[in-house]
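> whatever this is, show me its structure:
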Amino acid sequence: APTTAAPTTAAPTTAAPSAAPTAAPTLTCRTPVVASAEVGDAGGAFFLVRFADEVDADADADAEEAALPSDATDCGRLFAAATASRLGGGASCVWNAPRVLQVTFGTNATLALG
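Now for the predicted structure:
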């Protein structure tokens, strides 16, 4: 005849974690320091921003220092929204060198240098 197991009255057991959870690593991002900004041509169609230190545009995303993309053309990724909107519609931002960002004004720009 088949046997049946009697139900137990003991409380279920739970496994305790083997180690305390570890905190996520803290990444420190260095904010680039602007050394100068100047109009790039006589018509004022673009300006150059020169940084005090090189900005590593090709750094690994897991690196300790934040990197700015070398092919960035969307100024909204590099500037606060209020500033990016003042650059005008279709403005572009391109890295000319590790310390030089060229910002070309778009249509209806309201930001002026000087």
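> can you count the residues close to L87?
22 (other C-beta atoms under 10 Å). Glycine gets a C-beta too; all of them are placed from N, C-alpha and C.
> wait, it sits on T107?
No - L87 is beyond contact range of T107, at 10.2 Å (criterion: C-beta atoms under 8 Å).
> any weak-confidence spans in this protein?
Regions of the chain meeting the criterion pLDDT under 70 cover residues 1-22, 26-30, 42, 56-72, 113-114.
> now the helices for it?
81-86 (DSSP state H).
> would you map the strands across it?
All strands of the chain, identified by DSSP state E, fall at 34-39, 46-51, 92-97, 100-104.
> hang on, V94 packs against V100?
No - V94 is beyond contact range of V100, at 9.6 Å (criterion: C-beta under 8 Å).
> wouldn't G88 be in contact with A109 here?
Yes - with contacts counted by C-beta under 8 Å, G88 reaches A109, the gap being 3.2 Å.
> between those two, which contacts overlap?
Residues touching both G88 and A109 (C-beta atoms under 8 Å, 6 or more residues apart in numbering): none.
> before we move on, the earlier item: for R77, find the nearest of the strands of the chain.
R77 lies closest, by C-beta to C-beta, to one member of the strands of the chain: strand 92-97, at 7.9 Å.
> show me what counts as buried in that closest one.
Neighbour counts over strand 92-97 (16 or more other C-beta atoms under 10 Å) mark 93, 95 as buried.
> packing partners of that strand?
Here strand 92-97 touches strand 100-104, going by 3 or more C-beta pairs under 8 Å, 6 or more residues apart in numbering; DSSP states H and E.
> now the strand it packs on - C-alpha only, PDB.
Taking C-alpha atoms only, strand 100-104 is exported to PDB below (Å, rounded to 0.1, in the frame of the first residue of the first chain):
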ATOM      1  CA  VAL A 100      38.900  72.300 -27.500                       C
ATOM      2  CA  LEU A 101      35.100  72.100 -28.000                       C
ATOM      3  CA  GLN A 102      33.700  73.900 -31.100                       C
ATOM      4  CA  VAL A 103      30.100  75.100 -30.600                       C
ATOM      5  CA  THR A 104      28.300  76.200 -33.800                       C
END
